[in-house]
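J.: Could you work out the structure for the sequence below:
(4 chains)
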Protein chains: 2
Amino acid sequence: MRLTKKERQSYLSQALEQNPFLTDEEVAKKFHVSIQTIRLDRLELGIPELRERIKHMAEKKFDRVQSLSPNEVIGEVIDLQLHKNGISLLEIGFEHVFERNQIARGHILFAQANSLAIALADWKVALTGNASIRFVRPVQLGEKCIAFANVAEAYDSRLHVGVQTKVQEEIVFQGDFEVYRVSDDRGN
Amino acid sequence: MRLTKKERQSYLSQALEQNPFLTDEEVAKKFHVSIQTIRLDRLELGIPELRERIKHMAEKKFDRVQSLSPNEVIGEVIDLQLHKNGISLLEIGFEHVFERNQIARGHILFAQANSLAIALADWKVALTGNASIRFVRPVQLGEKCIAFANVAEAYDSRLHVGVQTKVQEEIVFQGDFEVYRVSDDRGN
DNA sequence: CCTCATTTTAATACCTAGTCCTAAGTGCTA
DNA sequence: TAGCACTTAGGACTAGGTATTAAAATGAGG
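T.: Residues are numbered from 1 along each chain as shown, chains lettered A, B, ... in the order given. All right, here's what the predicted structure looks like:
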């Protein structure tokens, strides 16, 4: 039997969400109704025509602002004992999370820890070599992340830094960073 | 004076690249020529009409909507086989480097690789669990980083992704990411 | 079974942003 | 002045619609 209007409209929404490239004609055939019926449905559901749907998608794509805060350090360093330990604070904002689920993107937590690890080294040029990290639990929008960094081993031109990031005493991120010194010979 | 054909066509390519949403009529006015001239130009340059341009953009984007919203990727994903492999391109700009030495910050390379690894997962909500990474050599301002990601192991709700980032065939970054799926129970 | 509202289909005019084609005009130059 | 490249104009046609009006078909209640 044919679907009822409600059912059809519900399936229509779904179908167009799943594949916005369908023309009215195509869905009309799918549902065995006339084009006009589909158009009435779209009208009632407030779904724009194919071309508008496509355009909106393209526009969204177009304004992809390649974010990730520029030169700023990610997080605010609030305490620092060079070659010993440091603390950095970061409140997760809109610019740090996935739109869809408001969970902080991994590289944001990484960036906070990494920045802090590098800040610990009292060298003109310090870079990260290896790192091993663990995202213990997802961090939500609005949560305040406090990263605690401790130097585990210190060599002449290498530093092993352990970082634990917590939200209210709960560990959310853990990482071990190997930071090394680059002789500032302008060569690199 | 009016531009020559060559000049006009060159500007036309540029203009449409910069803003693909321009109609023939709009550019015709801009260049003070007739619509037909613009259409001939497009024909000669092999530039498709507005609607096709927009459609292609939307399609490209649609390929990878599952796990990603536009501005969530660092770098430009130029190839992607879900659950298999992917390639992402990132040119290191001023906003990515340390002021002092113009070396890319570690978390930028991490972000590129991490984004790509997550993009590989065809899941609504995908997050990074563990990661082990190595910054092989510093990357300078202006260098183009190409990240190659390959799924090493795929489970029902976990993916092991290996990422190698190269600058002109030279490996600069290496990482192993464990990406996991989060059941989308709205509770998360 | 008839009636009435809802739902569906049809028909028409119009729109945008084009394609494709033919024809005519312009400007330079050999 | 003829030839050529370039430009413009016009008409016919296209997809994928909007907007409007009107006529059927259908289902439910009395």
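J.: And the worst-scoring helix or strand of chain A on mean pLDDT, what does it pack against?
T.: In chain A, no helix or strand scores lower on mean pLDDT, DSSP states H and E than strand A:76-81, which sits at a mean of 79. When contacts are defined as 3 or more Cβ pairs under 8 Å, 6 or more residues apart in numbering or on different chains; DSSP states H and E, strand A:76-81 sits against strand A:85-91, helix A:106-120. Quick note: C-beta positions are derived from backbone N, CA and C, even for glycine.
J.: Please save the CA atoms from the longest one in CSV.
T.: The C-alpha atoms that make up helix A:106-120 are tabulated as CSV, following Å, rounded to 0.1, in the frame of the first residue of the first chain:
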residue,chain,number,x,y,z
GLY,A,106,42.3,15.8,20.4
HIS,A,107,44.9,18.1,19.1
ILE,A,108,43.8,20.9,21.4
LEU,A,109,44.7,18.9,24.5
PHE,A,110,47.8,17.8,22.8
ALA,A,111,48.7,21.4,22.0
GLN,A,112,48.2,22.5,25.6
ALA,A,113,50.5,19.7,26.9
ASN,A,114,53.0,20.2,24.1
SER,A,115,53.3,23.9,24.6
LEU,A,116,53.8,23.4,28.3
ALA,A,117,56.4,20.8,27.8
ILE,A,118,58.3,23.0,25.5
ALA,A,119,58.0,26.0,27.8
LEU,A,120,59.7,24.0,30.5
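J.: Let me know the average pLDDT across it.
T.: The average pLDDT for helix A:106-120 rounds to 90.
J.: Repeat that for the first one.
T.: Model confidence over strand A:85-91 averages 88 on the pLDDT scale.
J.: now that strand against helix A:106-120, angle please.
T.: In terms of direction (axes from the mean of the first three to the mean of the last three Cα atoms, to 10 degrees), strand A:85-91 departs from helix A:106-120 by 150 degrees.
J.: From what I see, A:Phe21 and A:Ala58 are in contact.
T.: No: using Cβ atoms under 8 Å, A:Phe21 is not in contact with A:Ala58; the gap is 12.0 Å.
J.: residues in contact with the least confident helix or strand of chain A?
T.: A:Asn85, A:Gly86, A:Ile87, A:Ser88, A:Leu89, A:Leu90, A:Ser115, A:Leu116, A:Ala119, A:Leu120 (Cβ atoms under 8 Å, 6 or more residues apart in numbering or on different chains).
J.: Narrow those residues to just the buried residues.
T.: Among the contacts of strand A:76-81, those classed as buried by 16 or more other Cβ atoms under 10 Å in any protein chain shown are A:Asn85, A:Gly86, A:Ile87, A:Ser88, A:Leu90, A:Ser115, A:Leu116, A:Ala119, A:Leu120.
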